[in-house]
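> sequence? don't have it. structure:
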């Protein structure tokens, strides 16, 4: 897979960002979101390419292997809040799942027992375990369907091929037909997905225990989870392949191996940043739509401060990306209704560090990474994660901090309801008066949101006003019964609305419906009539 000299030249010139760099950053984010060792996705991609080339696969199918290896987990945030509610965490159980054979009932029961709320008292843990057992394969199938559908939609926005988008539905299928969500077996599974299965498991088992575990896994999984011919190829080539992958700089190698890289510029870069922001915002009910809202407010404030057009464009991208590091923190922490412990606060404070580290690997986003990670810094040095002070914070950083604070107050969070605009404005001004937020940035933000008002537009996809209300509540995590209580209608009526919504927007899962709501700015009350 040769790299394009023309694309390399554009990337070096600072004219844009290589698509492979965006995809690699997303891959690192999914490692954090699924509790895997960092660069698991990059290594999976390289192992998959090695297996594919050994199998004589080339052309379009080899490209499919590349993108599936790199992006197979981009739907991992789709049901993170639900996973945290069941397990008490959404990250560690997902990493543990990679290391079992879910086709063996005893292993699946053991997995649930070890991972369902292990830190809680025995009575609560037993009830949670019983609930997980009762949900059975149907619950797992619904969860995986959420992942697949969201992954497909994000991949489409990243302009990946129909083959890759289809392949994302087979990430958790198995050769023996005991996979999910559809239970498709054998050669009906695309070859790129079958190679992915072997490469993903090889990466995880190698991290756990080295080459012997990889070889044992290949023998044990042949004809069960893995295509026997690919398992045999992995078994035969494991030592050489794993040694080669371990010796490489995974990031540099993966970016170099993209066969037909694109350069994201202008609107295409904005859309890629939006995908990343939406991926991160799905992590918790209260943050859904936050990146887009922050970008809108920050951009408007930038114009009111008469910033340069190029600075404003970069500020918008920064706002879309600023919470990528959220994926590294358990959804149980983001969804906790009470006070956080000291340890939980440390996790929260580190999310901006993770944002910076994930983005800083992309040369074209160097300045963006630094500003994005400063959204919680304050002029008096009381913010995080670096504790920067006024002299260290650029105008863009100050605007981002004010816009982020305003949008967070507008949103319902687990520990408090959404603040009414007057209260949010008063709190924002108080932060400026106390010397924590920049007074000029706060003024620009408040003028922007005041002038913006609540623009009334017709709902998309032919949705009715009531359907928008239902969709908004579902995206915020309410059940049909809770939504019915909120709206003063029956759960059965809510169910009818949900069926109609899914039909109109072309979705089949709550996570995909939530993503549609984010993409169409439906989560801010008053935006549609």
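All right, it came through fine. This structure is a prediction, so every number in the text was calculated from the model and none was measured.
> what's near enough to touch residue 101?
107, 220, 221, 224, 225 (CB atoms under 8 Å, 6 or more residues apart in numbering). Heads up, the C-betas are built off the backbone N, CA and C, glycines and all.
> Next, it: phi, psi?
When read as degrees, to the nearest 10, the backbone of residue 101 gives phi -100, psi 100.
> any idea how far it lies from residue 197?
According to CB to CB, to the nearest Å, residue 101 stands 12 Å off from residue 197.
> got it, and residue 178?
12 Å.
> Comparing these two, which residue is more hemmed in?
Legend: neighbour count by other CB atoms under 10 Å for residue 178 and residue 197, higher for residue 197 (26 against 16).
> and residue 399, what does it touch?
Contacts of residue 399 (CB under 8 Å, 6+ apart): 298, 301, 302, 305, 315, 438, 441, 444, 445.
> Now with 10 Å, please.
Counting by CB atoms under 10 Å, 6 or more residues apart in numbering, residue 399 makes contact with 297-302, 304-305, 307, 311-312, 315, 318-319, 371, 438, 440-442, 444-445, 448.
> longest single helix anywhere in this protein?
helix 122-157 (DSSP state H).
> what's around the residue nearest to residue 493 when sequence neighbours are not counted, how many residues?
Distances taken as CB to CB, 6 or more residues apart in numbering place residue 484 nearest to residue 493, at 7.0 Å, with adjacent residues excluded. Counted by other CB under 10 Å, the residues lying close to residue 484 total 20.
> I'd say residue 484 and residue 474 touch.
No: checked against CB atoms under 10 Å, the pair residue 484 and residue 474 is beyond contact range at 11.4 Å.
> so what sits against both of these two?
494, 497.
> Against residue 476, how distant is the nearest residue to residue 478 once chain neighbours are set aside?
In this structure, residue 478 finds its nearest non-sequential neighbour in residue 486, 6.6 Å apart by CB to CB, 6+ apart. Distance of residue 486 to residue 476, given as CB to CB: 10 Å.
> the more surrounded of these two?
More crowded of residue 486 and residue 476, by other CB under 10 Å: residue 476, with 20 against 15.
> show me what contacts that one?
285-286, 288-289, 411-412, 418, 482-483, 486, 514, 517, 523.
> do the same with residue 292
Here residue 292 is in contact with 274, 277-278, 281, 319-320, 407, 518-521, 523-524 (CB under 10 Å, 6+ apart).
> what kind of secondary structure is residue 333 in?
Secondary structure, DSSP: H, G, I helix; E, B strand; the rest coil: residue 333 is helix.
> I figured it hits residue 349, correct?
No: Residue 333 is beyond contact range of residue 349, at 11.3 Å (criterion: CB under 10 Å).
> Settle it for me: which of the two has more neighbours?
residue 333 (20 against 14).
> ok, now how distant is that one from residue 379?
Distance from residue 333 to residue 379, by CB to CB: 27 Å.
> repeat for residue 247
46 Å.
> What of residue 53?
Distance from residue 53 to residue 379, by CB to CB: 54 Å.
> Look at these two and report which has more neighbours.
Higher neighbour count among residue 53 and residue 379: residue 379, with 24 against 13, using other CB under 10 Å.
> Quick one, grab the pLDDT at the more buried one.
Note on residue 379: pLDDT of 98.
> need the contact list for the closest residue in space to it that isn't next to it in sequence.
Distances taken as CB to CB, 6+ apart put residue 390 closest to residue 379, at 4.1 Å, once the chain neighbours are dropped. For residue 390, the contact set (CB under 10 Å, 6+ apart) comprises 377, 378, 379, 380, 381, 398, 435, 436, 438.
> circling back: quick one: which of the contacts of residue 292 has the most company?
Most surrounded of the contacts of residue 292: other CB under 10 Å gives residue 319, at 32 neighbours.
> burial measure for residue 360, as a count.
With other CB under 10 Å as criterion, residue 360 counts 16.
> Next, give phi and psi for it.
Backbone torsions of residue 360, given as degrees, to the nearest 10, read phi -70, psi -20.
> contacting residues around residue 519?
153, 157, 274, 275, 278, 289, 292, 460, 505.
> you'd agree the first one is up against residue 169?
No: Residue 153 is not in contact with residue 169 according to CB under 10 Å; the separation is 11.8 Å.
> and these two? which has more neighbours close in?
Comparing residue 153 with residue 169 by neighbour count (other CB under 10 Å), the higher total belongs to residue 153, at 24 against 21.
> so who does the residue located most distally from the centre of the chain touch?
No residue in the chain sits farther from the centre than residue 433, which is 35.8 Å out by CA atoms, centre = their mean. With contact taken as CB under 10 Å, 6+ apart, residue 433 is in contact with 439, 442.
> Tell me the predicted confidence for it.
Taking residue 433 on its own, its pLDDT is 98.
> and the gap between it and residue 100?
For residue 433, the distance to residue 100 - CB to CB - is 55 Å.
> now do residue 517
From residue 517 over to residue 100 (counting by CB to CB), the distance is 34 Å.
> And these two? Which one has more around it.
residue 517 (25 against 16).
> quick one: contacts for the closest residue to that one other than its chain neighbours?
Closest residue in space to residue 517, ignoring its immediate chain neighbours: residue 475 at 4.3 Å, by CB to CB, 6+ apart. Residues near residue 475 by CB under 10 Å, 6+ apart: 282, 285, 288-289, 510-511, 513-518, 522-523.
> Right, I'll call it a day here.
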